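Participant: Need coordinates for the following:
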Amino acid sequence: MSSAAPALPWWKTVFVFGPHAGSHRVAVRAGISVVVPLVTVWALGHVEWSLYAAFGSFAALYGRNVRYRHRFLMQLSAAVVLVGAVVLGVVVAGMPSHEWWIVGIGAAWATLVAVLSDVFRWNPPGPLFGVFALCAVASVPPGPDSLLIAFVVSSGAAVVSLLVGGAGSVIVRRARADERVAASARPADAPSNPVARRRTRLLPDGDQRLAHAARFGVAAALAGGLSTALGIGHPYWAMIAAVVPLVAVRLSHSALRATHRIVGTFLGLILAAILLSAQPSGLAAIALVVALQIAAELFVTRNYGFALLFVTPLALVMIDVAHPTDTATLIVDRLVETALGTVVALLVAAATWAIWGRRDRASTSRSRGPLPATPTA
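Facilitator: Numbers count the residues shown, from 1 in each chain. Sure, this is the predicted structure:
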């Protein structure tokens, strides 16, 4: 008789790598989707538009291994949200005292995008990229005609992502065969992402589902508000760090994701310091962004912490290309903001699960009713 494999100690799960599962195909799609719009804005002589282009191309990161039709619809919905985030970010950037507007509007946006993520069954789930796009763009001073430029550039990049995703499904027939095999090995209605599967199975319905989305906004508001009040630069990094662990449903999974965030960011900052010390610009910076994007997609579903080794310098290089900033300031702010946001996320996760757990126990107790009398011999 076979027995279940023993569960790994918590600290060992931090270092576990999942299966490759065709990550190279996703990485290639993401790389092409990023390089085309970035090279285009560089050729036009407007590298400051690269932030708009990069966030539009993030539509390619959705629907990793789902069938083409579902991937297209998922990427289309994500593209609309990302373009909206970029445009809204430009609007917020032009507001007086925009630092506090970033916190308030970013928190509300996090809640809305979390709801949309559930509705459209995004893979990866959650509002991370939508919040990142809005808050990062809102932190850069707008220029003349920035609103129209942001819309056109981000929309164009999103269209490129959709076209690349469609072309890949036609050219790489082996990918479709692999997806059919993978689909036959799981229930027809199960999402392909393991985090999404856990979320679908465990997340309560009704009001608690809305509460699950709302806690993204609460965490983003707390982290961004604390960072802004303390005068730390780039408060949106705290907001991003605050929403990442909340994608997981179980508290233990949130803690694991938070650990990945802290460890991966710390190691990624070391690599970022090395890369930024070379002061990359122009095509060299674009090549670096593309290489880091590809590397991140190769590992993001296998081990999130290891992927952050590449995601962290990717974010810093993107910001530095569009809006050059002192490297030491960038690195210190990123580290402090990540720690702050992660702590806030764990506190919110613990609080919400304590509330939900108490409600579940009360509901279970009511449903069981009085205990039956013990029969006598």
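Participant: Next secondary structure after the lowest-mean-pLDDT helix or strand in the chain?
Facilitator: Ranking every helix and strand in the chain by mean pLDDT, DSSP states H and E puts helix 194-202 at the bottom, with a mean of 40. Sequence order places helix 207-230 as the next helix or strand after helix 194-202, per DSSP states H and E.
Participant: Can you name the residues in contact with that next one?
Facilitator: With contact meaning Cβ atoms under 8 Å, 6 or more residues apart in numbering, helix 207-230 is reached by 99-100, 102-104, 106-108, 110-111, 113-115, 118, 126-127, 131, 135, 203-204, 235-239, 241-243, 246, 249, 337, 340-341, 344-345, 348-349, 352, 356, 359. C-beta coordinates here come from the backbone N, C-alpha and C atoms, glycine included.
Participant: buried stuff in it?
Facilitator: By neighbour count on 16 or more other Cβ atoms under 10 Å, the buried set for helix 207-230 is 212-228.
Participant: which helices and strands does the helix or strand hosting W101 pack with?
Facilitator: Element membership for W101, per DSSP H and E: helix 98-119. Judged by 3 or more Cβ pairs under 8 Å, 6 or more residues apart in numbering; DSSP states H and E, helix 98-119 is in contact with helix 68-93, helix 128-138, helix 207-230, helix 236-243.
Participant: Turn those into a markdown table, columns for mean pLDDT.
Facilitator: Listed next are the helices and strands packed on helix 98-119 as a markdown table, based on pLDDT from 0 to 100:
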| stretch | mean pLDDT |
| --- | --- |
| helix 68-93 | 95 |
| helix 128-138 | 96 |
| helix 207-230 | 90 |
| helix 236-243 | 95 |
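Participant: Adding distance to A59, write the ones you listed out as JSON lines.
Facilitator: Listed next are the helices and strands packed on helix 98-119 as JSON lines, based on distance: least, Cβ to Cβ, whole Å:
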{"stretch": "helix 68-93", "distance to A59": "4"}
{"stretch": "helix 128-138", "distance to A59": "9"}
{"stretch": "helix 207-230", "distance to A59": "20"}
{"stretch": "helix 236-243", "distance to A59": "18"}
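Participant: between those helices, which gets nearest to R302?
Facilitator: For the helices and strands packed on helix 98-119, proximity to R302 was assessed by Cβ to Cβ; helix 128-138 is nearest, at 17.7 Å.
Participant: chain center to the closest one, what's the gap?
Facilitator: Here helix 128-138 is found 10 Å from its chain centre; the criterion is Cα atoms, centre = their mean, to the nearest Å.
Participant: repeat for stretch 119-137
Facilitator: Centroid separation between stretch 119-137 and its chain, computed with Cα atoms, centre = their mean, is 6 Å.
Participant: re the thing from before, out of the helices and strands packed on helix 98-119, which is closest to S154?
Facilitator: So among the helices and strands packed on helix 98-119, helix 68-93 is nearest, using Cβ to Cβ, at 4.2 Å.
Participant: List the buried residues of that closest one.
Facilitator: By neighbour count on 16+ other Cβ under 10 Å, the buried set for helix 68-93 is 68, 70-72, 74-79, 81-93.
Participant: would you put the C-alpha positions of stretch 79-96 in CSV?
Facilitator: Coordinates of each C-alpha in stretch 79-96 appear next as CSV, following Å, rounded to 0.1, in the frame of the first residue of the first chain:
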residue,chain,number,x,y,z
ALA,A,79,-4.4,44.7,-22.4
VAL,A,80,-7.4,46.9,-21.9
VAL,A,81,-6.6,47.1,-18.2
LEU,A,82,-2.9,47.8,-18.7
VAL,A,83,-3.6,50.5,-21.3
GLY,A,84,-6.1,52.0,-18.9
ALA,A,85,-3.6,51.9,-16.1
VAL,A,86,-1.0,53.7,-18.2
VAL,A,87,-3.4,56.5,-19.2
LEU,A,88,-4.8,56.9,-15.7
GLY,A,89,-1.2,57.0,-14.4
VAL,A,90,-0.5,60.0,-16.7
VAL,A,91,-3.6,61.7,-15.4
VAL,A,92,-2.5,61.2,-11.8
ALA,A,93,1.0,62.3,-12.5
GLY,A,94,-0.3,65.7,-13.4
MET,A,95,-2.3,66.2,-10.2
PRO,A,96,-1.1,68.4,-7.4
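Participant: Hmm, P245 is touching A255, no?
Facilitator: Yes. With contact defined as Cβ atoms under 8 Å, P245 reaches A255; the gap is 7.4 Å.
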